[in-house]
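Participant: Next come a sequence and a model predicted from it.
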Amino acid sequence: MCLGVPAKVIEIEGQTALVDVMGSRMYVGIFFVPEVRIDDYVLLHAGQAMTIVDEEFAKESIEEWRNVLDGKHGTFFGTDLNS
């Protein structure tokens, strides 16, 4: 199973982009999305932007990630994150 995390593109520098992932910033590869622009949302996997997604999908996905991380969906992969 692969999990993609949504991120907003802040800056682009060659084949990398600075992105915001739920308040944290990091540099990721953009080799697979050469058409990406500042303010686009992308799905990240293993340090790479894999695809561009629309803002509504990204915001809904971020909310679900927050719920998982806050333990609102029970356990994650059989582990209670609040313990």
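Facilitator: Nice, thanks for sending it over.

Participant: just how off-centre is the lowest-mean-pLDDT helix or strand in the chain within its chain?
Facilitator: Lowest mean confidence among the helices and strands of the chain (mean pLDDT, DSSP states H and E): helix 55-69, at a mean of 83. Offset of helix 55-69 from its chain centre (CA atoms, centre = their mean, to the nearest Å): 9 Å.

Participant: Could you pull out the buried residues of it?
Facilitator: For helix 55-69, burial by neighbour count (16 or more other CB atoms under 10 Å) applies to 58, 61, 62. (C-beta placed from N, C-alpha, C; glycine too.)

Participant: Let's have those residues in a markdown table, adding distance to residue 49.
Facilitator: Compiled in a markdown table, those are given as follows (distance: CB to CB, whole Å):
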| residue | distance to residue 49 |
| --- | --- |
| 58 | 12 |
| 61 | 14 |
| 62 | 15 |
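
Participant: Out of those residues, which is nearest to residue 14?
Facilitator: Nearest to residue 14 among the buried residues of helix 55-69: residue 58, at 23.5 Å, using CB to CB.

Participant: residues contacting residue 41?
Facilitator: When contacts are counted by CB atoms under 8 Å, 6 or more residues apart in numbering, residue 41 touches 6, 7, 8, 9, 52, 53, 54, 55, 57, 58.

Participant: Can I get the residues you listed in a markdown table including distance to residue 34?
Facilitator: Putting the contacts of residue 41 into a markdown table (distance: CB to CB, whole Å) gives the following:
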| residue | distance to residue 34 |
| --- | --- |
| 6 | 19 |
| 7 | 17 |
| 8 | 18 |
| 9 | 13 |
| 52 | 11 |
| 53 | 16 |
| 54 | 19 |
| 55 | 20 |
| 57 | 21 |
| 58 | 19 |
